[in-house]
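dropping a prediction and its sequence here:
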Amino acid sequence: MKEQLERLIALQEADLRQEELAERKRRIPEMVEAARQPLQAAQAFRDTTKQIFEKTGKERKACEQALAEQEQAISKLQDRTTKGEIKTNREYQAHLLEVELAKKKRGEIEERLLILMDEVDAKKKELAQAEAAAKEVEQRFTAEKAGLEGSVGALDEELAGLKQKREALRAAVEPSLLRTYEKLKGSKKGQALAGINKDGSCMACRLQVQPQVVAEVKRATAIQTCFECHRILYWAGDPVQIVPVPEKPAEVVEVEEAAETTE
Ligand SMILES: [Zn+2]
C-alpha cells in the first residue's frame, strides 16, 4: 500500500503540474494582448502629436499666405500715388491712413507668424520624441511577444512528458483506488491527497488527525482518509525511522510505536 500511496502522490503532483502548465499556456494570448497595451498607447500618442504638428504646419502656411497677400495689398495701395489716382489732399490723407492700417495689419500677421514658427519647431521636436518612444515600445513588445509565444514550445514539451508520466502512474495504481482519487480530485480542486504535518494536522483542512490514524498513515498499511475533509492521507512529517532490528532490542521498537499512538 505504501507503494500505491507513493504513486498517488506522484500522480497528484503530475496532475497539478499539468493543470498549472495548461493554464499558463491558455493565458499566453491574453498576456500578449496585455503586453500590447503600452504599444497601442504610445502609437496613439504619436498619432495625436503628428496631427497637431500637421495642423500647426497648415496654420503657418496659411499665415505666410496671408502675409504675402497683405504685402501685395500694401504695394497696390502705394502704387496709387505713382499712378496719379490721388487728386486731392483729403484723398491723400485718407490714403496715408489706409496704408498705415494695412501696415499695422501686416505687423500683426508677422507676429502671429513668429509664434506659429516657434510652435511648429516645438511640435516637430515633440513628434520626434513620440516617434522614438513608439519605436522603442514596439521593440520591447516584439521581444516580449516572441518570448511568450516561444515558451509554448517548452510548455508543450513538458506537457507531453507529463501526459506519459501520468498515464504510466495511472496504470500502476489499483483501479478502485484510482477511482477514489479521481472522485476526490474532482470535488477537492485537484487536491485529492493531503499530507499530515509533523504536529499531526491535516495540511489541507488544518484539522488535527486522530493519533491512531496518524500512526496508521505512518505505517502505510492501508489507505486512510481525513475524517474532516475526506482526503487520502500521507505522512509529510519527518521521515519515519526504520530502526534496524539487530541493533535495538524488540521492546524498544514497541515502546516507540506505543509512543506514536499516544501522540
Ligand atoms: Zn483534512
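Looks like it arrived, so ask away.

residue 234 touches residue 7, doesn't it?
No - the criterion here is CB atoms under 8 Å, and residue 234 misses it with residue 7 at 11.2 Å. In this view, the C-beta of every residue, glycine as well, is placed from N, C-alpha and C.

tell me where this protein has helices.
For the chain, applying DSSP state H gives helices covering 2-82, 89-172, 175-187, 211-219, 250-261.

can those helices go into a markdown table with extra columns for mean pLDDT?
Below are those laid out as a markdown table (pLDDT from 0 to 100):
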| stretch | mean pLDDT |
| --- | --- |
| helix 2-82 | 96 |
| helix 89-172 | 97 |
| helix 175-187 | 95 |
| helix 211-219 | 93 |
| helix 250-261 | 46 |
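
tell me which of those helices sits most buried.
When the helices of the chain are scored by mean count of other CB atoms under 10 Å, the highest mean neighbour count falls to helix 211-219 (a mean of 18).

packing partners for that one?
strand 232-235, helix 250-261 (3 or more CB pairs under 8 Å, 6 or more residues apart in numbering; DSSP states H and E).

can you give me how far stretch 93-113 is from the chain middle?
Offset of stretch 93-113 from its chain centre (CA atoms, centre = their mean, to the nearest Å): 62 Å.

only C-alpha atoms, please: export it in CSV.
The C-alpha coordinates for stretch 93-113 follow below in CSV (Å, rounded to 0.1, in the frame of the first residue of the first chain):
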residue,chain,number,x,y,z
GLN,A,93,-4.7,111.9,-46.1
ALA,A,94,-7.2,109.1,-46.4
HIS,A,95,-4.7,107.1,-48.4
LEU,A,96,-2.0,107.6,-45.8
LEU,A,97,-4.3,106.3,-43.1
GLU,A,98,-5.2,103.3,-45.3
VAL,A,99,-1.6,102.5,-45.8
GLU,A,100,-0.9,102.8,-42.1
LEU,A,101,-3.7,100.5,-41.2
ALA,A,102,-2.6,98.0,-43.8
LYS,A,103,1.0,98.0,-42.3
LYS,A,104,-0.4,97.6,-38.8
LYS,A,105,-2.3,94.5,-40.0
ARG,A,106,0.9,93.3,-41.6
GLY,A,107,2.7,93.7,-38.3
GLU,A,108,0.0,91.6,-36.6
ILE,A,109,0.3,88.9,-39.2
GLU,A,110,4.1,88.9,-38.8
GLU,A,111,3.8,88.5,-35.0
ARG,A,112,1.4,85.6,-35.4
LEU,A,113,3.7,84.0,-37.9
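
what lies in contact with it?
Stretch 93-113 has contacts (CB atoms under 8 Å, 6 or more residues apart in numbering) with 60, 63-64, 66-67, 70-71, 73-74, 77-78, 80-81, 86.

then stretch 126-136?
Surrounding stretch 126-136, the residues in contact under the criterion CB under 8 Å, 6+ apart are 39, 42, 43, 45, 46, 49, 50, 52, 53.

which residue sits closest to the third one, ignoring its sequence neighbours?
Same thing as residue 43. Spatially, and ignoring its direct neighbours in sequence, residue 43 is nearest to residue 134 (5.3 Å; CB to CB, 6 or more residues apart in numbering).

return the distance of that neighbour relative to the ion.
55 Å (CB to the ion, to the nearest Å).

go on, residue 18?
24 Å.

ok, now which ones touch that residue?
By CB under 8 Å, 6+ apart, residue 18 lies in contact with 159, 162, 163, 166.

swap the cut-off to 10 Å and go again
If a contact means CB atoms under 10 Å, 6 or more residues apart in numbering, then residue 18 has 158, 159, 161, 162, 163, 165, 166, 190 as its contacts.

pull the most distant pair out of the residues you listed.
Across the contacts of residue 18, no pair lies farther apart than 161 and 190, at 18.9 Å, counting by CB to CB.

which residues does residue 140 contact?
Residue 140 makes contact with 35, 38, 39, 42 under the criterion CB under 10 Å, 6+ apart.

dump those residues into JSON lines; add distance to residue 216 as well.
Converted to JSON lines, those look like this (distance: CB to CB, whole Å):
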{"residue": "35", "distance to residue 216": "52"}
{"residue": "38", "distance to residue 216": "57"}
{"residue": "39", "distance to residue 216": "59"}
{"residue": "42", "distance to residue 216": "63"}
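
this completes my enquiry, with thanks.
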